[in-house]
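Student: Sequence first, then the predicted structure, then my questions.
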Amino acid sequence: MPWQAIQHNEGVPCRAAFGQPAPVASFYGTSAGEGFGAYLHFVGDVDGDGTGDFALGSILANNGSMLEAGRVIVYSGATRAPIFPNPFFGASAGERFGVSIDGADIDNDGFSDIVVGA
């Protein structure tokens, strides 16, 4: 399914959406300029429900006072809700966590694991 990241006006969170001709799902960042949706990867079945899941990276998101630390949120492909209760953040300013995202069953437990680059 084609993916599009849509940056809204300054002061308004950006939106990421996928689907053609009209979006079937939309997701919103928390602040303008965070780059929400700029990095998307379909990561396989992370939560074990039989449906492929996806992760969105916001490489310019702040983590408290750490500017541009980056953030990744993993969403259920079935429900479109976040799988984990909290997003994953970069550990230092300027890290841009989420610039690359992939999924693979690294530990051979039958579920896809998330690999994130900064």
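Tutor: Happy to help now that I have it. Since the model is a prediction, treat every value here as computed from it, not as a measurement.

Student: Bridged to the closest residue to residue 90 other than its chain neighbours, which residues?
Tutor: Excluding the flanking residues, the one nearest residue 90 by Cβ to Cβ, 6 or more residues apart in numbering is residue 97, at 3.0 Å. To be clear about C-beta, it is placed using only N, CA and C from the backbone, and glycine gets the same treatment. With DSSP bridges as the criterion, residue 97 is bridged to residue 70.

Student: OK, contacts around residue 97?
Tutor: Counting by Cβ atoms under 8 Å, 6 or more residues apart in numbering, residue 97 touches 57, 59, 69, 70, 71, 72, 88, 89, 90, 91, 116, 118.

Student: could you redo the last one with a cut-off of 7 Å?
Tutor: Residues in contact with residue 97 (Cβ atoms under 7 Å, 6 or more residues apart in numbering) are 69, 70, 71, 72, 89, 90, 116, 118.

Student: so what's the fourth one scoring on pLDDT?
Tutor: Confidence per residue is given as pLDDT, and for residue 72 that number is 93.

Student: May I have the phi/psi pair for it?
Tutor: The phi and psi torsions at residue 72 (degrees, to the nearest 10) take the values phi -130, psi 130.

Student: can I get the contacts of residue 97 in CSV with neighbour count and distance to residue 103?
Tutor: Converted to CSV, the contacts of residue 97 look like this (neighbours: other Cβ atoms under 10 Å; distance: Cβ to Cβ, whole Å):
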residue, neighbour count, distance to residue 103
69, 24, 22
70, 30, 18
71, 25, 17
72, 24, 11
89, 19, 19
90, 23, 19
116, 20, 10
118, 17, 17
